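Peer 1: Sequence and predicted structure, then a few things I'm wondering about:
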Amino acid sequence: MAITFYDLVDREGRRYSPYGWRVRMALAHKGLDATVELCWHSDKKKLAFSGQHLVPVLLDGGKPVSDSWNIACYLDEAYPDRPTLMDGPQGRSFAGFLNSWTDTIIGRRLVRSLYLDILRSLHPQADAREFRRRREERNGATLEALHANRARDFEDINRAMLPLNDLLARQPFVAGATPAYPDYIVFGTLQMPRRLGIEPLGPQQDSVMRWRDAVAKLFNGLGDSTS
Ligand SMILES: N[C@@H](CCC(=O)N[C@@H](CS)C(=O)NCC(=O)O)C(=O)O
């Protein structure tokens, strides 16, 4: 069946959504091809069919699935004969925890410290005023003030990631000997600053950096692709 994947794009044609990257890697892991439909911030009309306004969205044979976590679970359920993203109930439970941890402890700090960069790189058809208004309201601070707090946010992120760095010093991938969805969760989140040319990781994250390079090289260097 034909799959359409709705993902976010910036003015340079870069796809930088952390959640979009999780799905991109997940589709490649399962060996599934998808037609990509590019969207920009506040592109609500294009996604109306899915009953919400955020990317990523997958349309699989007419069935819309939104939210990267739902999409990953859906792909394993709909394509059980393909390589699994999360191995059984224990695997899904661990990945579910990692998904929440990454979004709340790493992703939230990371994305708020990048808002100003994202604003500058928004697709020309994106609603920049709406982008700023919603994020300033949500965070109770201007994008400039959030940007000014970046060094502290990066410090917190690096401290929180030390156990992950320890894990990756002992094994090649977050999921173990081979990569799976837990890797794509963290990798997706780190792709956003990477695509914007910003490095949040400090030198203490040596194993995380080595792992990030290895994950970027998977699927013929998908993570390094310029689009
Ligand atoms: N929990 C959702 C989060 C999705 C999300 O926040 N998407 C952002 C892009 S990174 C978005 O679509 N923003 C568009 C907008 O705010 O208009 C997931 O895991 O997919």
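Peer 2: Looks like it arrived, so ask away. Numbers count the residues shown, from 1 in each chain.
Peer 1: Tell me how far stretch 88-102 lies from the chain's centre.
Peer 2: Chain-centre distance of stretch 88-102: 15 Å, with Cα atoms, centre = their mean, to the nearest Å.
Peer 1: And stretch 161-180, by the same measure?
Peer 2: The answer for stretch 161-180 is 18 Å, by Cα atoms, centre = their mean.
Peer 1: what ranges do the helices span in this protein?
Peer 2: Applying DSSP state H to the chain gives helices spanning 18-30, 44-47, 68-78, 88-101, 108-120, 128-139, 143-148, 150-160, 162-170, 181-195, 206-221.
Peer 1: May I have the lowest-mean-pLDDT helix or strand in the chain as CSV, with CA atoms only?
Peer 2: None of the helices or strands of the chain scores lower by mean pLDDT, DSSP states H and E than helix 44-47, at a mean of 88. Only the C-alpha atoms of helix 44-47 are listed here, as CSV (Å, rounded to 0.1, in the frame of the first residue of the first chain):
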residue,chain,number,x,y,z
LYS,A,44,-2.7,23.6,9.3
LYS,A,45,-4.9,23.2,6.2
LYS,A,46,-2.6,20.6,4.7
LEU,A,47,-2.8,18.4,7.8
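Peer 1: List of residues touching that helix?
Peer 2: 6, 37, 39, 53-55, 57, 66 (Cβ atoms under 8 Å, 6 or more residues apart in numbering). Using the backbone N, CA and C atoms, a C-beta is placed for each residue, glycine as well.
Peer 1: residue contacts, Leu168?
Peer 2: 174, 207-208, 210-211.
Peer 1: From the contacts of helix 44-47, which land in strands?
Peer 2: Using DSSP state E, the subset of the contacts of helix 44-47 located in strands is 6, 37, 39, 57, 66.
Peer 1: quick one: pLDDT of the fourth one?
Peer 2: Read it as Val57. The model reports Val57 with a pLDDT of 97.
Peer 1: Show the buried residues in the contacts of helix 44-47.
Peer 2: Buried by 16 or more other Cβ atoms under 10 Å: 6, 37, 39, 53-55, 57, 66, out of the contacts of helix 44-47.
Peer 1: Restricting to those residues, which residues neighbour the ligand?
Peer 2: Restricting the buried ones among the contacts of helix 44-47 to those touching the ligand (Cβ under 6 Å from any ligand atom) yields 54-55.
Peer 1: Output the helices of the chain as JSON lines; include the columns distance to Glu12.
Peer 2: Shown next, in JSON lines, are the helices of the chain (distance: least, Cβ to Cβ, whole Å):
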{"stretch": "helix 18-30", "distance to Glu12": "15"}
{"stretch": "helix 44-47", "distance to Glu12": "20"}
{"stretch": "helix 68-78", "distance to Glu12": "22"}
{"stretch": "helix 88-101", "distance to Glu12": "28"}
{"stretch": "helix 108-120", "distance to Glu12": "11"}
{"stretch": "helix 128-139", "distance to Glu12": "15"}
{"stretch": "helix 143-148", "distance to Glu12": "20"}
{"stretch": "helix 150-160", "distance to Glu12": "21"}
{"stretch": "helix 162-170", "distance to Glu12": "29"}
{"stretch": "helix 181-195", "distance to Glu12": "9"}
{"stretch": "helix 206-221", "distance to Glu12": "18"}
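Peer 1: Distance to the ligand added to these, as CSV?
Peer 2: CSV is the format used below for the helices of the chain (distance: least, Cβ to the nearest ligand atom, whole Å):
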stretch, distance to the ligand
helix 18-30, 4
helix 44-47, 7
helix 68-78, 4
helix 88-101, 8
helix 108-120, 7
helix 128-139, 7
helix 143-148, 14
helix 150-160, 17
helix 162-170, 19
helix 181-195, 8
helix 206-221, 18
